[in-house]
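Enquirer: Starting from these lines, generate the structure:
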Amino acid sequence: MDTGMMVNLVKKEVWLRKKRFYIGCGSSAVFYFANKDFPLTPKTNSAIKEPFHLVLKAHPKVIRNLRTLRRPCKIVKFPLVTWVLGHGDNNSMLKGKKNNTVSAENYGSKGEKLESTFFHYFKAKKNHP
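Expert: Numbering: from 1, shown residues only. Predicted coordinates for the structure are as follows:
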């Protein structure tokens, strides 16, 4: 996906990332596999078989890897995925690639205040009927 929503919970900001969303967010690549493409065992050496090994590679290189294997690729320009930062369990922050100061300005976008209505809409409602 080339476009996606970004949220920084620490800064309470939400914005649209309009270009190259797949470079940063690992959840933005969707692969289709036939049954024959899956590994025969859960062991890593079996998972390295083509084309399933694509899911084990770095997501910024997903387009290049698909082209190398002559697999079809389509860029989706609709924000179907939200990349949430600042919740304490984000891989890019744990690895030090992003920090809690990241905002819409970093992406040439205009941020909006993350209002409580937006937050509560997506919040798990396990204690509510």
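
Enquirer: Strands along the chain, start to end?
Expert: 4-8, 13-17, 82-85, 112-113 (DSSP state E).

Enquirer: Same list, these, but as TSV with mean pLDDT please.
Expert: What follows is the strands of the chain, written out as TSV (pLDDT from 0 to 100):
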stretch	mean pLDDT
strand 4-8	88
strand 13-17	89
strand 82-85	80
strand 112-113	88
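
Enquirer: Pick the most deeply packed of these.
Expert: Most buried of the strands of the chain by mean neighbour count (mean count of other Cβ atoms under 10 Å) is strand 4-8; its value is a mean of 22. Using the backbone N, CA and C atoms, a C-beta is placed for each residue, glycine as well.

Enquirer: got the angle for that one vs strand 13-17?
Expert: Strand 4-8 and strand 13-17 meet at an angle of 150 degrees, taking axes from the mean of the first three to the mean of the last three Cα atoms, to 10 degrees as the criterion.

Enquirer: Any regions of this structure where pLDDT drops low?
Expert: Along the chain, the parts satisfying pLDDT under 70 run over 26-28, 42-57, 88-94, 116-129.

Enquirer: For this protein, which segments are assigned as helices?
Expert: If you assign secondary structure with DSSP state H, the helices in the chain sit at 21-24, 44-47, 62-68, 91-94, 116-122.

Enquirer: Output the strands of the chain as CSV; include the columns distance to C25.
Expert: Converted to CSV, those look like this (distance: least, Cβ to Cβ, whole Å):
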stretch, distance to C25
strand 4-8, 6
strand 13-17, 8
strand 82-85, 4
strand 112-113, 19
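
Enquirer: right, so of those, which gets closest to N99?
Expert: Taking Cβ to Cβ as the criterion, strand 82-85 is the member of these that comes nearest to N99, at 8.8 Å.

Enquirer: Could you spell out the sheet neighbours of the closest one, each with its direction?
Expert: Sheet partners assigned to strand 82-85 using DSSP bridges are listed as strand 4-8 (parallel).
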